[in-house]
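>>> sequence-free structure coming up:
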């Protein structure tokens, strides 16, 4: 896990939601997908994936159900709900603002 | 989902994850065992995070609230000034409200402690020529009224002082004589023994003695406990009684008195000379409680009673001419004297709370504006609006709860102080406790205030979120607009509220000042009073009573430190007042038209002892005896009202005393004395007819002992010793300086004026604080502008003027609006407040003039500090600030 940038609180949720926006996935696949999509730059921190999934499920943003997996075994698949989709949009807007703010400081923007 | 199911679910999920990871590693060429170990490693130490996962599943909501609460507490600790002012402001408002509400609840709102209290009424007679007049009833009249079919029950009582002997020392007790049905009518029963039986209204019904019911306190003091007291014998005023019952601890009736025991009408049904009191239709000395039949409407009862009263008028013109009857709800009878002042106080406390809330709103708003950049940053860092809102709410709730808690503490303090200072005789006042209702009210008020005014900044913030992030991050103190407009309105409102309370307080204070300036007509200083009651059974002959008093007075006058002593019935402000009808012997009138007057029965030297001036003629002397020509002294009011143009001295009067059989004797006026206040300081001097104690012996008298300066305790000891020597079974009671009665008469007015003045000071303080906060903030916001002005040549004076003008304008608008409100309020409260005011008009120029001046002076002070700070700012520094 060398060179893995420290993840800011709240960003994991965003990543998970974004991943599930593509298609319903089980936990292992979510971790895998994030790793792939980030060009292996991002590694899900140990033991934060499932707490994040449960938290999101509790808030009604994703929904879990047992289904047959690609290997033919039963796995818990998570689907993005309508509320989750709206939340994701808000989070992405926040993220854009945050990066703008960080840029403002890091790039020394004089407005 | 059940807990176990959830746990199984989670385990299955983790197992799947591990196997899937291992499979992947195997596919990459790792041998199965190593793959499994490696997979377990990637997932991390299961023990540690599985617990976290469980918590996430259970819900992070409580955790988030807890974190917000900690955050709020930390935030408040970082801003101790804001926290202290906000919490104290709220505490003062809530404390004042809760204390007053507790009293209102105890005195006005709580149901009376009797069965179905709404059916209970208080029956009195009224002189139909004077609407609103209220008199006690006579026993024969009561027996007639009781026949009304709409009544489920009725009883009469009177309270008096008595001497209890027979078990331990003779002591003074408060006693109520009640008709046997009283407790049945009230729907209460003794906790030990039984109530009275109807037959016990007749004398000697229990094998020659009468029945008595004790209070729990007296039973404990005299016999140890209630059960032991049952069946025991007592002597009251020389008559034997047997204890048949003991009431529950804390039971009181009447509610505005403190009775030690209750007996029946039996002792009033006997008389050594002449017909007993209970047989005289003219002897109106009884209070009546009635219970309306549940089905009967109040109007039906009133109609039936009116019919009976009309019949009595025709049947007994000498005693019942012009007499009508009124029944008012029992609760109103007790609450009517205090209800107006309590409602006014509650209204004032409510206004103080409003001002406090307005202050709190301003404080919260200012804080929110200051923290805009902080929240903008937090929003940028991913805190949703809900999170920000939750944090703000959490902070408001914390302030609200802390304020409510501190307010409750203040209320408890205020209440105990209030009970200590409050006048006696207010029914149920001493039962006032911080009630659950008041407690709930305080918490609800605190939370509501905090949430409503805490939400406002949050909404304000939400509105501001539309701006660009850069702007909001850079939003410093110089942001103009919205909030300041709001806050100016709030300050104006505060001053409007404060002036209303202030006008009310000044009205009461002015009225109190007028009361304090009253000349009572006697000099109350250095006069000790003591009550004595000579039982008929012990002093059966009128001359025995006279002899007792002349010996007692002679002995007291010999004591060192005593300058003079006398005895009287009807000493001013002691509460002993009787009125009699009388006739001018030489110009007789028909019985129904005879005027009435207050009566005093006095020994020689009484006027000198009290410092009442003798204006004409002479005082009574020892020569005015039983068989000498009857003489009388009148006061100036009497002479002016009834003897104008006739010359008072030598006039002959026939009072209807009916204490001896046969025609009433004629009394010749031999002196005229000055007027005195009698029943209350605020009541005008009544006409007084004084009769000599020697010619009209009276068992219940008040000793007045004028003592030398500094000899108060010696005089008290002398009275105790002299009465004990003379007759140990006749103890003197209620030993207190006459000046106590005077201040007692003022206690209610003083208390309400003090409380309202306190509320007004709070209102003033809070309004000043609000104005100061706004002005200080305004000055801080305008530092750049002020700096610019000064850099361009404005001098300090003009800067001060600029700031002061802005602040005073706000205060002035508020004050004008408040005066208008006070005027309108005063008019609608005329009934409530008017009764409290003595010689002070509702639109008192003093109150309406002084209130705005006081407020403007306060505003001036509140504005001056920020103005001076603005003027003393360094223009360059102010400019560089941006």
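Looks like it arrived, so ask away. Bear in mind the structure is a predicted one, so any value in this text is a computation, not a measurement.
>>> the helix or strand encompassing residue A:103 near chain B at all?
Element membership of residue A:103, judged by DSSP states H and E, is helix A:82-106. Yes. For a cut-off given as Cβ under 8 Å from any Cβ of the partner chain, helix A:82-106 has contacts with chain B, namely A:90-91, A:94-95, A:97-98, A:100-101, A:104. Backbone N, C-alpha and C define where each C-beta goes, glycine included.
>>> mind checking the SS state of residue B:328?
Using DSSP: H, G, I helix; E, B strand; the rest coil, the structure places residue B:328 in strand.
>>> pLDDT below threshold where in chain A?
Along chain A, the model assigns pLDDT under 70 to residues A:1-10, A:45-47, A:108-111.
>>> ok so, going back, which parts of the helix holding residue A:103 are buried?
Within helix A:82-106, the residues that count as buried by 16 or more other Cβ atoms under 10 Å in any protein chain shown are A:84, A:87-88, A:91, A:94, A:97-98, A:101, A:104.
>>> measure the closest residue to residue B:135 other than its chain neighbours to residue B:591 for me?
Taking Cβ to Cβ, 6 or more residues apart in numbering or on different chains, and ignoring the residues beside it in sequence, residue B:135 has residue B:125 as its nearest neighbour in space, at 4.7 Å. Separation of residue B:125 from residue B:591 (Cβ to Cβ, to the nearest Å) stands at 17 Å.
>>> look at those two and report which has more neighbours.
residue B:125 (24 against 14; other Cβ atoms under 10 Å in any protein chain shown).
>>> next, that one: secondary structure please.
strand.
>>> quickly list what it is bridged to.
residue B:135, residue B:325 (DSSP bridges).
>>> ok, it to residue B:393 distance?
From residue B:125 to residue B:393 the distance is 62 Å (Cβ to Cβ).
>>> and the residue of the stretch 551-700 of chain B that's closest to chain A?
Per Cβ to the nearest Cβ, the residue of the stretch 551-700 of chain B with the smallest distance to chain A is residue B:682, at 69.4 Å.
>>> that residue: neighbour count?
18.
>>> circling back to that earlier point, specify which member of the buried residues of helix A:82-106 is nearest to chain B.
Distances from chain B to these, taken by Cβ to the nearest Cβ, are shortest for residue A:101, at 4.5 Å.
>>> which residues of the stretch 401-550 of chain B score low on pLDDT?
Ranges of the stretch 401-550 of chain B meeting pLDDT under 70: B:454-486.
>>> can you put the residues of helix A:82-106 next to chain B in CSV and add distance to residue B:92?
Shown next, in CSV, are the residues of helix A:82-106 next to chain B (distance: Cβ to Cβ, whole Å):
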residue, distance to residue B:92
A:90, 42
A:91, 45
A:94, 42
A:95, 47
A:97, 43
A:98, 43
A:100, 46
A:101, 42
A:104, 45
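>>> ok so, going back, need the max-distance pair from the buried residues of helix A:82-106.
A:84 and A:104 (29.8 Å; Cβ to Cβ).
>>> tell me the domain boundaries of chain B?
Chain B breaks down by automatic domain parsing into domains covering B:3-59, B:61-114+B:338-475, B:130-321, B:481-517+B:748-882, B:539-726.
>>> quick one: terminal-to-terminal distance for the third one?
Which is domain B:130-321. By Cα to Cα, to the nearest Å, the extent of domain B:130-321 from end to end equals 13 Å.
>>> what does the last one give?
Across its full length, domain B:539-726 reaches 13 Å between end residues, using Cα to Cα.
>>> quick one: distance of it to the chain centre.
36 Å (Cα atoms, centre = their mean, to the nearest Å).
>>> what strand or helix carries the closest residue in space to residue B:430 that isn't next to it in sequence?
Closest residue to residue B:430 apart from its sequence neighbours, by Cβ to Cβ, 6+ apart: residue B:419 at 6.2 Å. Using DSSP H and E, residue B:419 falls within helix B:385-421.
>>> equivalent analysis for residue B:786, please.
Assigned by DSSP H and E, residue B:786 falls in helix B:783-791.
>>> average pLDDT for that helix?
The predicted model assigns helix B:783-791 a mean pLDDT of 78.
>>> which elements pack onto the next helix-or-strand element following it?
Following helix B:783-791 in sequence order, the next helix or strand is helix B:796-828 (DSSP H and E). Contacts defined by 3 or more Cβ pairs under 8 Å, 6 or more residues apart in numbering or on different chains; DSSP states H and E place helix B:796-828 against helix B:482-516, helix B:738-781, helix B:783-791, helix B:845-871.
>>> which residues of chain A lie near chain B?
So chain A meets chain B at A:8-11, A:26-28, A:46-48, A:50-52, A:54-55, A:57-58, A:69, A:71, A:73-76, A:90-91, A:94-95, A:97-98, A:100-101, A:104, A:111 (Cβ under 8 Å from any Cβ).
>>> could you pull out the helices for the stretch 201-350 of chain B?
Using DSSP state H, counting those that start in this stretch, the helices assigned to the stretch 201-350 of chain B run over residues B:216-223, B:226-229, B:298-315, B:317-320, B:330-335, B:339-370.
>>> what's the third one in contact with?
Okay, so that is helix B:298-315. Helix B:298-315 has contacts (Cβ atoms under 8 Å, 6 or more residues apart in numbering or on different chains) with B:121, B:123, B:125, B:141, B:144-145, B:147-151, B:290, B:292, B:320-327.
>>> let's see it at 10 Å
With contacts defined as Cβ atoms under 10 Å, 6 or more residues apart in numbering or on different chains, helix B:298-315 is touched by B:119, B:121, B:123, B:125-126, B:128, B:140-141, B:144-151, B:281, B:290, B:292-293, B:296-297, B:319-329, B:592.
>>> and these, which are buried?
Of the contacts of helix B:298-315, these count as buried by 16+ other Cβ under 10 Å: B:119, B:121, B:123, B:125-126, B:140-141, B:144-146, B:148, B:150-151, B:281, B:290, B:292, B:296, B:319-321, B:323-327, B:329.
>>> could you give the angle of the helix holding residue B:786 to helix B:845-871?
Interaxial angle of helix B:783-791 relative to helix B:845-871 (axes from the mean of the first three to the mean of the last three Cα atoms, to 10 degrees): 80 degrees.
>>> packing partners of helix B:783-791?
With contacts taken as 3 or more Cβ pairs under 10 Å, 6 or more residues apart in numbering or on different chains; DSSP states H and E, helix B:783-791 sits against helix B:796-828, helix B:845-871, helix B:875-880.
>>> what angle do the longest one and helix B:738-781 make?
Read it as helix B:796-828. 130 degrees.
>>> and helix B:796-828, how far from the chain's centre?
Chain-centre distance of helix B:796-828: 33 Å, with Cα atoms, centre = their mean.
>>> quick one, helices of chain A?
Along chain A, counting by DSSP state H, helices occupy A:11-22, A:27-37, A:49-58, A:82-106.
>>> return the distance of the last one from the chain's centre.
In other words, helix A:82-106. On Cα atoms, centre = their mean, the centre of helix A:82-106 falls 13 Å from that of its chain.
>>> same thing with the third one?
How far helix A:49-58 lies from its chain's middle: 10 Å, per Cα atoms, centre = their mean.
>>> how about the first one?
Averaging C-alpha coordinates over helix A:11-22 and over its chain gives two centres that are 3 Å apart (Cα atoms, centre = their mean).
>>> off-centre distance for stretch B:864-871?
43 Å.
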